[in-house]
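In: Below is the sequence, then the predicted model.
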Amino acid sequence: MKKVVILSLVLSLSVCMGQLRAQVRELPRAVPEAEGVPSGAVAALFDSLMALPRTEIHSVMVVRHGKVIGEIYPEPFAPEYRHTMYSCSKTFVGAAVGLAIEENRLRLDDRVGAFFPEMLPDSVSANLADMTVRDLLTMTSGITPDWNMRSQTAEWIRTYLAKPVVEPGSKFQYDSICTYLLSAIVQKATGETVLDYLKRHVFAPMNITEVDWEVSPEGYNTGGWGLHIQSESLAKFGLLLLNGGNWQGRQLLPASWVKQMMTEHHAGTGYGYQMWRGEYPGAWDLDGALGQYVLIIPDKDMVVVITECTLINGLNQRRLVWNRLLPEVADAPLPANARAYVRLQKKQQAVSLPFAKGKANSTQAARFAKESYILSGNSYGWQSVQLDFDKEAKTVSLDITGKDGKTEQLRFGHKCWLETVLAGCPPYSIRPVGSFEGIERPFRAAGSYGWTEPGVLRLKVHYVDWVSSLDLTLAFGAEGLTLDVKPNFTDAVETISGTPE
């Protein structure tokens with residue numbers, strides 16, 4: 001009987017893992033010293049990033065001369081998991097615009113309003129009439145950003161174009177809706193979504209198939225955010241830009257366009273076409289909220305990818321690369337250092353995010369097992385929770401019932417991560433209308449637990465193919481439950497009360 005159970009578990013795991021498709025380990029791997037980088041310097045970068053306060057590192061990949069010389073995916077994250085990239089998405093849109101221009105489907109001086117005649121206000125100002133594709137690329141549309149708009153209406157284009165416009169091209173104002181309009185324009189010009197257009201011209205030749213993108217209520221890829229992609233695919237795209245649009249001998253993007261993308265177009269902005277000039281001389285960055293980065297460093301022939309959730313200024317992460325790693329990079333191969341390389345390998349295999357603190361068991365756990373608690377109103381839409389404990393297996397399960405009446409179960413291990421395949425969606429730091437549309441399901445979560453006091457249970461859950469995590473503290477008392485919820489994308493803690501059903 002035991003053999004049957006074990007076989008069943010293995011088959012279930014195989015099926016679950018089989019759903020995770022990836023282009024991982026396609027880039028060549030190399031010993032850092034062979035590419036002119038000390039293994040100790042790569043290890044020190046990883047240690048420094050992992051030690052940053054208010055930061056959860058999800059992946060780091062260091063590429064030199066087209067070869068991966070170091071990479072970490074702190075457990076419970078893994079190379080196969082996709083990650084939402086926030087504003088790193090913009091650079092991919094910039095690439096699509098360049099392709100459409102190369103195919104004579106677009107021009108930089110094309111008027112934005114010409115693509116959306118049915119969306120224009122009754123009275124079109126001269127400034128609105130003058131707004132061009134170039135103005136969107138350089139974030140100088142003339143419209144003051146309204147970051148709440150996408151959460152308040154499904155008519156993003158009509159609402160945006162109805163706003164007051166100052167002289168286009170005169171003032172830099174960073175705005176994700178500028179990129180959203182570019183995404184819609186590419187779709188209007190090519191008949192394909194930005195994602196499908198890039199799949200045909202860029203992703204397929206690079207063997208990037210595990211990628212999706214959020215879709216707006218109006219049917220366009222969201223453009224300024226919403227790209228969902230694996231870290232190694234990000235590294236590939238970084239290499240494509242580093243090499244002037246050339247991938248293994250094929251010119252996938254026009255070299256002249258890549259040069260324009262990495263040129264500052266308005267003095268003092270540090271902004272090219274949908275990407276940022278880096279602090280390190282000659283470097284350019286793909287830069288997304290909560291610390292998503294693809295760093296392109298031409299004079300070192302390097303690309304560095306970082307995915308994470310951080311609440312500190314992202315300059316901290318980038319300066320660790322600029323100031324600690326790059327000064328150690330040599331122009332020629334270094335002498336082999338087997339001991340340092342073995343230490344680096346061990347570090348890469350062992351790195352983990354912190355487990356929930358606390359003991360495996362509580363003398364009072366049985367009092368709370370299978371008790372359903374009705375929750376007070378909360379921003380997550382949770383209606384009730386119920387806990388169960390397995391003392392021998394050292395596991396906890398948490399059943400959460402939402403306002404739709406559906407119940408999601410999360411599983412937690414003690415000093416280990418237990419994975420759950422989700423029916424629903426993760427928490428999200430932004431809430432545009434139609435969030436998660438276009439993103440492949442299911443999502444996954446991994447959890448750990450610990451009892452810090454007999455009546456206080458700590459739970460940590462990472463949504464491993466997104467960006468979010470939650471710290472949950474459940475304090476059980478005579479009159480019910482107090483549940484504190486702390487997402488990783490804010491310092492705010494939400495306190496929810498629970499009453500026994």
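Out: Noted; the coordinates are in hand.
In: CA only for contacts and neighbour counts going forward, please
Out: Fine.
In: show me where the stretch 401-501 of the chain has helices.
Out: For the stretch 401-501 of the chain, helices defined by DSSP state H, counting those that start in this stretch do not occur.
In: Which secondary structure element is home to residue 177?
Out: Following DSSP states H and E, the helix or strand that holds residue 177 is helix 176-190.
In: same check, this time on residue 258
Out: Assigned by DSSP H and E, residue 258 falls in helix 255-261.
In: Only the buried residues of that helix, if you could.
Out: Across helix 255-261, burial judged by 16 or more other CA atoms under 10 Å covers 255, 257-258, 261.
In: Now find how far off-centre it is within its chain.
Out: 25 Å (CA atoms, centre = their mean, to the nearest Å).
In: Next: stretch 469-485.
Out: Put simply, stretch 469-485 sits 28 Å off its chain's centre (CA atoms, centre = their mean).
In: and it, average pLDDT?
Out: Mean pLDDT, computed over stretch 469-485, is 96.
In: Using CSV, write out every CA atom in it.
Out: Taking Å, rounded to 0.1, in the frame of the first residue of the first chain, the C-alpha atoms of stretch 469-485 are listed here in CSV:
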residue,chain,number,x,y,z
SER,A,469,3.9,37.6,-0.8
LEU,A,470,1.9,37.8,2.4
ASP,A,471,3.0,37.7,6.0
LEU,A,472,0.0,36.5,8.0
THR,A,473,-0.1,36.6,11.8
LEU,A,474,-3.1,34.8,13.4
ALA,A,475,-3.6,35.5,17.1
PHE,A,476,-6.3,33.3,18.7
GLY,A,477,-8.1,34.6,21.8
ALA,A,478,-11.1,33.7,23.9
GLU,A,479,-13.4,35.7,21.7
GLY,A,480,-12.1,34.8,18.3
LEU,A,481,-9.2,35.5,15.9
THR,A,482,-7.2,38.6,15.0
LEU,A,483,-5.5,38.3,11.6
ASP,A,484,-2.8,40.7,10.6
VAL,A,485,-1.9,40.8,6.9
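In: just to revisit the earlier point, remind me what the helix holding residue 177 packs against, helices and strands.
Out: On a contact count with 3 or more CA pairs under 8 Å, 6 or more residues apart in numbering; DSSP states H and E, helix 176-190 meets helix 89-102, helix 133-137, helix 194-198.
In: Can you give me the buried ones in stretch 284-303?
Out: 284-298, 300, 302-303.
In: ok, residues contacting it?
Out: 62-66, 85-89, 91, 234-235, 238-239, 241-242, 262, 275-278, 280, 282-283, 304-311, 314, 326, 329, 489 (CA atoms under 8 Å, 6 or more residues apart in numbering).
In: Let's see the distance spanning that stretch from one end to the other.
Out: 10 Å (CA to CA, to the nearest Å).
In: Let me see the ranges of the strands in the stretch 201-350 of the chain.
Out: 211-213, 227-229, 246-247, 250-251, 276-277, 284-288, 292-297, 302-310 (DSSP state E, counting those that start in this stretch).
In: Provide the secondary structure category for the closest residue to residue 61 other than its chain neighbours.
Out: Distances taken as CA to CA, 6 or more residues apart in numbering place residue 71 nearest to residue 61, at 4.3 Å, with adjacent residues excluded. Using DSSP: H, G, I helix; E, B strand; the rest coil, the structure places residue 71 in strand.
In: you'd agree residue 71 is up against residue 346?
Out: No - Residue 71 lies out of contact with residue 346 (CA atoms under 8 Å); the separation is 11.5 Å.
In: For those two, indicate the residue with more neighbours.
Out: residue 71 (26 against 12; other CA atoms under 10 Å).
In: gap between the more buried one and residue 33?
Out: Taken as CA to CA, the span from residue 71 to residue 33 is 15 Å.
In: Equivalent analysis for residue 162, please.
Out: Residue 162 is 57 Å from residue 33, by CA to CA.
In: where along the stretch 201-350 of the chain do the helices fall?
Out: Here the stretch 201-350 of the chain has its helices, by DSSP H, counting those that start in this stretch, at 231-242, 255-261, 315-320, 338-350.
In: residues touching the residue nearest to residue 193 when sequence neighbours are not counted, list them.
Out: Using CA to CA, 6+ apart and skipping the chain neighbours, the partner closest in space to residue 193 is residue 187 (4.9 Å). For residue 187, the contact set (CA under 8 Å, 6+ apart) comprises 193-194, 220.
In: cutoff 10 Å now
Out: The neighbours of residue 187, taking CA atoms under 10 Å, 6 or more residues apart in numbering as the test, are 96, 100, 181, 193-197, 219-221.
In: What of residue 69?
Out: 28-39, 42, 61-63.
In: which of these count as buried?
Out: Buried by 16+ other CA under 10 Å: 30-39, 42, 61-63, out of the contacts of residue 69.
In: Out of those, name the ones that lie in helices.
Out: 39, 42 (DSSP state H).
In: lowest-pLDDT helix or strand in the chain?
Out: helix 2-18 (a mean of 36; mean pLDDT, DSSP states H and E).
In: Just the pLDDT for the spatially closest residue to residue 329 that is not a sequence neighbour.
Out: Sequence neighbours aside, residue 37 is the residue nearest to residue 329 in space, at 4.9 Å (criterion: CA to CA, 6+ apart). Looking at residue 37, its pLDDT is 98.
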